[in-house]
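# Following is a predicted model, sequence given first.
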Amino acid sequence: MANDKLDFTIDTLGPCTIASPIKLSTVPGDMTARFVRDDSYVINQINVFDTSTPIVLDSSNLIQKAGPREKIFFDPSHAKAGICTCGGLCPGLNDVIRAIVRCLNTRYGVKTVKGYQFGYHGFFPEEGYEPIELDRYLIDEIHKIGGTYLGTSRGGGQRVSEIVDCLERDGINMLFIIGGDGTQRGSYDIACEVEKRGLKCAVVGVPKTVDNDLMFIDRSFGFETAVQRAKEAVAAVHMEAASQINGIGLVKLMGREAGFIATAASLASHETNFCLIPEVPFEMEGENGFLACLEHRLAKRGHAVIVVSEGAGQDLLTSTGATDASGNKKLADIGVFLKSEIEKYFKAKNIEINLKYIDPSYQVRASVTTAADSIYCERLGNNAVHAAMAGKTKCVIGLVHDKFVHLPIKAVTAHRNAVDPTGSLWRDALDATGQPNPMVNDIEKAKAKMAAAVAEAQKKPSEQKK
């Protein structure tokens with residue numbers, strides 16, 4: 001990825017000539033919030049490692065700020081919007097839906113907003129899922145419940161022509177797609193088909209991945225809520241472990257290819273002794289392996305808490321070889337594997353243990369948002385509407401260096417973000433857990449695995465191993 005030429009240019013449908021109905025200021029100092037100009041940017045590369053190299057100020061390093069524009073592309077009285085949610089559940093989906101609908105209705109006066117049910121499947125007539133006519137009154141309370149008001153599903157994004165046929169039939173000229181990297185790659189294809197047909201329809205994404213593995217974005221919505229719920233699970237299992245003879249608490253958390261939730265939960269809990277993530281290899285057997293380290297911890301303190309990402313240690317298990325409807329690998333169950341191996345190891349040594357295993361993944365995904373996540377979702381949804389009304393397309397809304405920005409879909413989905421095993425986050429996690437690093441017997445082999453994992457993460461998702 002280091003050699004990739006970045007381009008943060010945002011596509012637009014055309015010049016903006018219509019005065020925005022939002023009454024904001026164009027001058028500083030008049031006690032009124034101001035419109036955002038298209039030449040307002042956030043610098044991507046803020047870390048300086050060589051002061052002799054000048055900061056680049058072009059489309060390879062400047063990310064356009066999001067927010068309401070003084071002139072917009074669409075006439076609100078003629079605008080018709082569509083919304084869909086795709087992929088797995090994530091805290092905050094309803095908050096984003098609510099924010100989009102309310103901003104369209106109340107700030108711009110857009111009256112027609114269709115909610116397409118069950119992800120991309122809601123665009124296919126033969127499946128029988130009629131769109132829901134949304135307004136601010138219908139969705140006013142949905143942020144108080146988890147899940148998604150519109151329903152969700154995986155797959156269907158490859159049926160681009162049929163999706164655009166539906167948009168044409170329904171007269172939709174702005175589509176908001178809430179979903180992860182696979183969903184957003186589908187939204188880019190939809191935008192390209194819209195462009196090919198000469199239609200004026202803005203396609204704007206709100207990126208959703210509870211694993212927090214999207215490039216450039218500070219954090220994904222729902223991540224903070226997931227960490228909070230995970231912390232609660234760790235606290236419960238710690239209480240169990242600390243109350244038993246040689247008690248062991250094992251918690252499996254979400255994180256297919258990135259261990260951000262497990263790492264953050266370990267830092268937040270202050271009670272995790274081992275954090276196992278996909279980015280850092282570990283071995284089960286041997287003097288320096290995980291099981292020996294666990295035995296040493298029990299001998300020293302009498303209990304232990306283990307947090308593991310679902311994608312950790314996949315090289316130790318037999319691959320399922322299967323994929324889901326989105327094309328993602330179906331992972332072997334590292335939680336069940338660890339539980340079994342730990343029990344076998346200590347039974348063979350005739351050492352009594354009391355192991356408690358928790359997998360709160362679906363409970364976490366269906367949670368209502370924390371206050372901070374709810375605020376974040378509200379602002380993401382509002383900024384998505386501002387972008388679409390100004391004719392921005394092929395873009396997603398994200399937070400970069402604590403500023404809301406427009407990001408090209410192609411840039412965000414080109415690679416996946418991951419925990420850097422040499423970075424400060426993992427360093428601080430090691431300080432918090434006190435675990436040996438790495439838990440391997442052959443350090444050179446471990447380094448090769450880590451390098452391969454980094455290379456795999458930096459490939460385009462379409463090129464990654466199935």
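Structure's in. What do you need?

# if I look at the residue of the chain most remote from its centre, how far off is residue 63?
For the chain, the residue at maximal distance from the C-alpha centroid (C-alpha atoms, centre = their mean) is residue 350, at 43.6 Å. Relative to residue 63, residue 350 is positioned 60 Å away (C-beta to C-beta, to the nearest Å). For glycine as for every other residue, the C-beta is placed from the backbone atoms N, C-alpha and C.

# still on that earlier bit, can you check the pLDDT for the residue farthest from the centre of the chain?
The confidence metric pLDDT takes the value 96 at residue 350.

# For residue 300, see how far away it is.
Applying C-beta to C-beta to residue 350 and residue 300 gives a distance of 19 Å.

# Which helix or which strand is home to the closest residue to residue 429 other than its chain neighbours?
Once flanking residues are discounted, residue 429 sits nearest to residue 263: 4.8 Å by C-beta to C-beta, 6 or more residues apart in numbering. Here residue 263 sits within helix 260-269, counting by DSSP states H and E.

# Identify all contacting residues around that helix.
For helix 260-269, the external contacting residues (C-beta atoms under 8 Å, 6 or more residues apart in numbering) are 210-213, 223, 226-228, 230-231, 234-235, 238, 251, 253-255, 272, 275-277, 305, 307-309, 312, 419, 425-426, 428-429, 432-433.

# Which ones among these map onto helices?
Using DSSP state H, the subset of these located in helices is 223, 226-228, 230-231, 234-235, 238, 425-426, 428-429, 432-433.

# Quick check on those residues: which are buried?
Buried members of the ones in helices among the contacts of helix 260-269, scored by 16 or more other C-beta atoms under 10 Å, are 223, 226-228, 230-231, 234-235, 238, 426, 429, 432-433.

# I'd like the residues you listed written out as CSV, with distance to residue 390 and pLDDT added.
As requested, those are exported to CSV (distance: C-beta to C-beta, whole Å; pLDDT from 0 to 100):
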residue, distance to residue 390, pLDDT
223, 28, 93
226, 32, 95
227, 33, 96
228, 34, 95
230, 38, 96
231, 39, 96
234, 43, 97
235, 45, 96
238, 49, 97
426, 39, 95
429, 41, 97
432, 44, 96
433, 46, 97
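
# ok, the residues you listed vs residue 20, which is closest?
Nearest to residue 20 among these: residue 223, at 31.8 Å, using C-beta to C-beta.

# What sits closest to the closest one if chain neighbours are left out?
residue 212 (4.4 Å).

# For the one you found, give its distance to residue 346.
In this view, residue 212 and residue 346 are 34 Å apart by C-beta to C-beta.

# Repeat that for residue 316.
Counting by C-beta to C-beta - residue 316 and residue 346 are separated by 18 Å.

# how many neighbours does the nearest residue in space to residue 124 that is not next to it in sequence have?
The shortest distance from residue 124 to any non-neighbouring residue, by C-beta to C-beta, 6+ apart, is to residue 162 (5.9 Å). The burial count assigned to residue 162 is 15, neighbours taken as other C-beta atoms under 10 Å.

# again with residue 431
9.

# Roughly how far does the residue positioned nearest the centre of the chain sit from residue 239?
The C-alpha lying nearest the average C-alpha coordinate of the chain belongs to residue 209 (C-alpha atoms, centre = their mean; 2.1 Å). Distance of residue 209 to residue 239, given as C-beta to C-beta: 31 Å.

# Would you map the helices across this protein?
Assigned by DSSP H, the chain shows helices spanning 93-102, 160-170, 181-196, 223-242, 260-269, 290-301, 334-348, 361-365, 371-389, 409-412, 424-433, 443-458.

# mind saving the C-alpha coords of the third one as CSV?
Coordinates of the C-alpha atoms in helix 181-196 are reproduced here as CSV (Å, rounded to 0.1, in the frame of the first residue of the first chain):
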residue,chain,number,x,y,z
ASP,A,181,-16.4,-2.8,2.5
GLY,A,182,-18.1,-5.4,0.4
THR,A,183,-21.3,-3.4,0.4
GLN,A,184,-19.5,-0.3,-0.6
ARG,A,185,-17.7,-1.9,-3.4
GLY,A,186,-21.1,-2.8,-4.6
SER,A,187,-22.3,0.8,-4.2
TYR,A,188,-19.3,1.9,-6.4
ASP,A,189,-20.4,-0.5,-9.1
ILE,A,190,-24.0,0.9,-8.8
ALA,A,191,-22.7,4.4,-9.1
CYS,A,192,-20.7,3.4,-12.2
GLU,A,193,-23.8,1.9,-13.8
VAL,A,194,-25.8,5.0,-13.0
GLU,A,195,-23.1,7.1,-14.7
LYS,A,196,-23.1,4.8,-17.7
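
# what is the rounded mean pLDDT of that helix?
For helix 181-196, the mean pLDDT works out to 93.

# Show me what counts as buried in that helix.
Quick answer for helix 181-196 (16+ other C-beta under 10 Å): 181-195.

# Show me what that helix is packed up against.
If you count contacts as 3 or more C-beta pairs under 8 Å, 6 or more residues apart in numbering; DSSP states H and E, helix 181-196 packs onto helix 160-170, strand 174-179, strand 202-207, helix 409-412.

# who's in contact with residue 111?
With C-beta under 8 Å, 6+ apart, residue 111 has these contacts: 105, 135.

# Looking at it now. What's its pLDDT?
Reported pLDDT for residue 111: 96.

# For it, grab phi and psi.
Torsion angles at residue 111 (phi, psi; degrees, to the nearest 10) stand at phi -100, psi -30.

# Could you report the separation of it from residue 80?
Distance from residue 111 to residue 80, by C-beta to C-beta: 9 Å.

# got it, and residue 379?
To residue 80, residue 379 is 24 Å away according to C-beta to C-beta.

# Residue 304 now?
Counting by C-beta to C-beta, the gap from residue 304 to residue 80 is 57 Å.

# These two: which has the busier surroundings?
Taking other C-beta under 10 Å, residue 304 and residue 80 do not tie; residue 304 has more neighbours (27 against 19).

# Residue 273 is in contact with that one, correct?
Yes. Assessed by C-beta atoms under 8 Å, residue 304 is found in contact with residue 273 at 4.8 Å.

# what about the closest residue to residue 89 other than its chain neighbours, neighbour count?
For residue 89, ignoring the flanking residues on the chain, the nearest one in space by C-beta to C-beta, 6+ apart is residue 365 at 4.2 Å. Using other C-beta under 10 Å, residue 365 has 20 other residues around it.

# same deal with the one 4 residues further on?
Residue 369: 27 surrounding residues under other C-beta under 10 Å.

# Show me where the stretch 1-150 of the chain dips below the pLDDT cut-off.
For the stretch 1-150 of the chain, the stretches with pLDDT under 70 are 1-4.
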